[in-house]
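Student: what shape does this take:
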Amino acid sequence: MKLYIKQKVFSFNDSFVVKDEFGNDKYHVEGEIFSMGHKLHVYDRSNNEVAFIKQKLLTFMPRFEIYADTFKVGELVKKLTFFKPSYYIEGSNLSLEGHVWEHDYKLYDGNSVIMEVYKEWFTWGDSYVLDIADPKDELLCLAVVLAVDCENCSSGNK
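Tutor: Alright, predicted model coming up:
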């Protein structure tokens with residue numbers, strides 16, 4: 001299954017619309033304007049909060065807590081590397097590989113690919129495609145991509 005993330009161009013905070021593969025609105029994402037660190041709230045079509053991403057402050061390497069359905073599923077942690085950014089999800093068996101700055105990477109659960117992400121070029125605002133292997137991982141995959149986008153933004157790699 002596929003999800004499409006489209007960032008709103010004229011917005012003071014992080015604001016995204018997430019569509020399914022048929023072009024229907026599936027989720028919307030809103031960032032908090034006046035907060036310490038990045039905080040993103042993910043809402044479903046009924047406007048219920050289904051996920052939350054929060055930047056941890058005062059850490060040596062960037063860290064983002066990921067919550068889905070009010071449960072903490074892990075923390076996106078950036079590894080200390082010199083040439084290519086590398087991430088893993090602490091508290092799980094998940095890891096990211098690929099070109100994160102170019103938004104072309106894969107999310108692995110052990111050795112199995114559970115999601116591929118790539119950026120659509122020549123669009124108004126940032127647009128990403130999430131190709132998710134199993135629909136049950138949809139919310140987790142979306143939250144991980146949003147956390148990576150927050151980290152890229154806070155590191156100045158956007």
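
Student: when you work out contacts or count neighbours from here on, use the C-alpha atoms and nothing else.
Tutor: Noted.

Student: figure out the helix or strand that Ser95 lives in.
Tutor: Secondary structure here is read from DSSP states H and E; on that basis Ser95 sits in strand 94-99.

Student: next SSE after that strand?
Tutor: strand 104-109.

Student: check which helices and strands that next one sits against.
Tutor: In this structure, strand 104-109 packs against strand 94-99, strand 112-120, with contacts taken as 3 or more C-alpha pairs under 8 Å, 6 or more residues apart in numbering; DSSP states H and E.

Student: in JSON lines: those strands, plus mean neighbour count, distance to Lys6 and mean pLDDT.
Tutor: Below are the helices and strands packed on strand 104-109 laid out as JSON lines (neighbours: other C-alpha atoms under 10 Å; distance: least, C-alpha to C-alpha, whole Å; pLDDT from 0 to 100):
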{"stretch": "strand 94-99", "mean neighbour count": "18", "distance to Lys6": "20", "mean pLDDT": "84"}
{"stretch": "strand 112-120", "mean neighbour count": "18", "distance to Lys6": "10", "mean pLDDT": "90"}
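
Student: for stretch 87-96, which positions count as buried?
Tutor: Neighbour-count burial for stretch 87-96, with 16 or more other C-alpha atoms under 10 Å as criterion, is recorded at 87-90, 94-96.
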